[in-house]
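**Student:** After the sequence you'll find the predicted model.
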Amino acid sequence: MIEERFPGHPILPYLLILPSLAVIFVFLIVPFAQSVWGSFYVTSFFGDTRVFVGLSNYLDLFKSPDYLHSVAVTLFFSAFVVLVGLSASLGIALLLNQKISGLGIYQIALVWTYSISPAVAGVIWALLFAPATGLIPWLVKLVNPGYTLNWMTNGALALFVVSLAATWKMLGYNIVFFLAGLQNIPDELTDAARVDGAGPWLAFRHITFPMLSPTTTFLLFMNMLYAFFQVFGLIDIMTQGGPGNATNLLVYNLYRDAFIHLDSGRANAQSVIIFIVIAVAAMLQLRAATRKAAYAR
């Protein structure tokens, strides 16, 4: 006979999770359903007239060169944030995992980036790269007096700077999790590898990195969500999608259509597309990443 966890109160577990389920339903499921429904309509400028158009909004998006350009920009941006960000974070976490003096100071200095908002991060990087007064253009001019670094008129450079800023913003978050994963690896494994003659690279490749696979899988997913959904404030502060739509990510393009062009049907269609892409990519990514993951110690 199975022992009851809440004797005499069989409904209590359901009452305890009811607030969480209510929040999910009201703030996630209902808005998503409204977006799906609204994506099949064209709404007038003032929102007083709606016309059912079926899949017309979706077809128009995939025929739009601007939207396809936004897709390409977002893919590059996301790949940069995920690959460069995780690689740099893992390297820094490996250094922080060493027994050195003043380690606590270094850890605090390197993880504080996640505590600031995307808008503040955008202000910091915009000031650093300001063509007339920024520190980075000034240093570039010292090295090459004949060249002025102006990322506000160079689309490729602007996309690189924004990608770099977004990567820096997520750096602290990644370092914290990688550092926790490294500290959870038994010392016996690395000591045994060292006794067998394995160098630092072989020990990292065959022991450390496989043992970090659960952490890496989690961070892959979180960084992908961040790159697609949580960089609006940074983009809005730094470039507002410019110059020449060079940094017009999908989330910012959605904002433009919804709140500037007041095209709610097109914006709803974009939100549904982003959700489907993220859901499919997450499932494929998690399936591929966890297939060889080492969860047992």
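**Tutor:** Happy to help now that I have it. Residues are numbered from 1 along each chain as shown.
**Student:** CA atoms for contacts and neighbours, from now on please.
**Tutor:** OK.
**Student:** Can you name every helix or strand that the helix or strand hosting Val82 contacts?
**Tutor:** Applying DSSP states H and E as the criterion places Val82 in helix 65-96. Helix 65-96 is packed against helix 56-63, helix 103-111, helix 155-183, helix 213-229, helix 250-255, with contacts defined by 3 or more C-alpha pairs under 8 Å, 6 or more residues apart in numbering; DSSP states H and E.
**Student:** what's the distance between the helix or strand following the second one and the middle of its chain?
**Tutor:** Next along the chain after helix 103-111, taking DSSP H and E as the criterion, comes helix 118-128. On the basis of C-alpha atoms, centre = their mean, to the nearest Å, helix 118-128 is displaced by 17 Å from the centre of the chain it belongs to.
**Student:** Which residues does helix 118-128 contact?
**Tutor:** 133-136, 165, 169, 230-238 (C-alpha atoms under 8 Å, 6 or more residues apart in numbering).
**Student:** mind running it again at 10 Å?
**Tutor:** Helix 118-128 has contacts (C-alpha atoms under 10 Å, 6 or more residues apart in numbering) with 113-115, 130, 133-138, 151-152, 161-162, 164-166, 168-170, 230-239.
**Student:** And these, which of them are buried?
**Tutor:** Neighbour-count burial (16 or more other C-alpha atoms under 10 Å) is assigned, among the contacts of helix 118-128, to 113-114, 130, 136-138, 151-152, 161-162, 164-166, 168-170, 231-239.
**Student:** could you say what helices and strands the helix or strand that contains Gly265 packs with?
**Tutor:** Element membership for Gly265, per DSSP H and E: helix 264-290. Secondary-structure packing of helix 264-290 (3 or more C-alpha pairs under 10 Å, 6 or more residues apart in numbering; DSSP states H and E): helix 30-38, strand 41-43, strand 50-52, helix 56-63, helix 213-229, helix 250-255.
**Student:** between that helix and helix 30-38, how big is the angle?
**Tutor:** Angle of helix 264-290 versus helix 30-38, following axes from the mean of the first three to the mean of the last three C-alpha atoms, to 10 degrees, is 120 degrees.
**Student:** Can you mark which positions in helix 264-290 are buried?
**Tutor:** So, applying 16+ other C-alpha under 10 Å, buried residues of helix 264-290: 264-274, 278, 282, 286, 289.
**Student:** Just want the angle from it to helix 56-63.
**Tutor:** Angle between the axes of helix 264-290 and helix 56-63 is 70 degrees (criterion: the same axes, to 10 degrees).
**Student:** And helix 264-290, how far out from the chain middle?
**Tutor:** 13 Å.
**Student:** For it, give the mean pLDDT please.
**Tutor:** The average pLDDT for helix 264-290 rounds to 84.
**Student:** what's the angle from that helix to helix 65-96?
**Tutor:** For helix 264-290 against helix 65-96, the angle by the same axes, to 10 degrees is 40 degrees.
**Student:** Compute the inter-axis angle for helix 264-290 and helix 213-229.
**Tutor:** Put simply, helix 264-290 runs at 170 degrees to helix 213-229, going by the same axes, to 10 degrees.
**Student:** Pretty sure Leu55 sits against Trp37.
**Tutor:** No - Leu55 is beyond contact range of Trp37, at 11.0 Å (criterion: C-alpha atoms under 10 Å).
**Student:** intersection of neighbour lists for the two?
**Tutor:** Ala269.
**Student:** Settle it for me: which of these two has more neighbours?
**Tutor:** For Leu55 versus Trp37, neighbours defined as other C-alpha atoms under 10 Å are more numerous around Trp37 (16 against 12).
**Student:** What's the separation between that one and Asp196?
**Tutor:** Applying C-alpha to C-alpha, to the nearest Å, the value for Trp37 to Asp196 is 62 Å.
**Student:** list the contacts for the residue nearest to Phe32 when sequence neighbours are not counted?
**Tutor:** Distances taken as C-alpha to C-alpha, 6 or more residues apart in numbering place Val272 nearest to Phe32, at 7.8 Å, with adjacent residues excluded. By C-alpha under 10 Å, 6+ apart, the residues touching Val272 are 32-33, 35-37, 39, 58, 278.
**Student:** Got a ChimeraX select line for the buried ones in the residues you listed?
**Tutor:** Here is the ChimeraX command that selects the buried residues among the contacts of Val272 (16+ other C-alpha under 10 Å):
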select :32,35,36,37,39,58,278
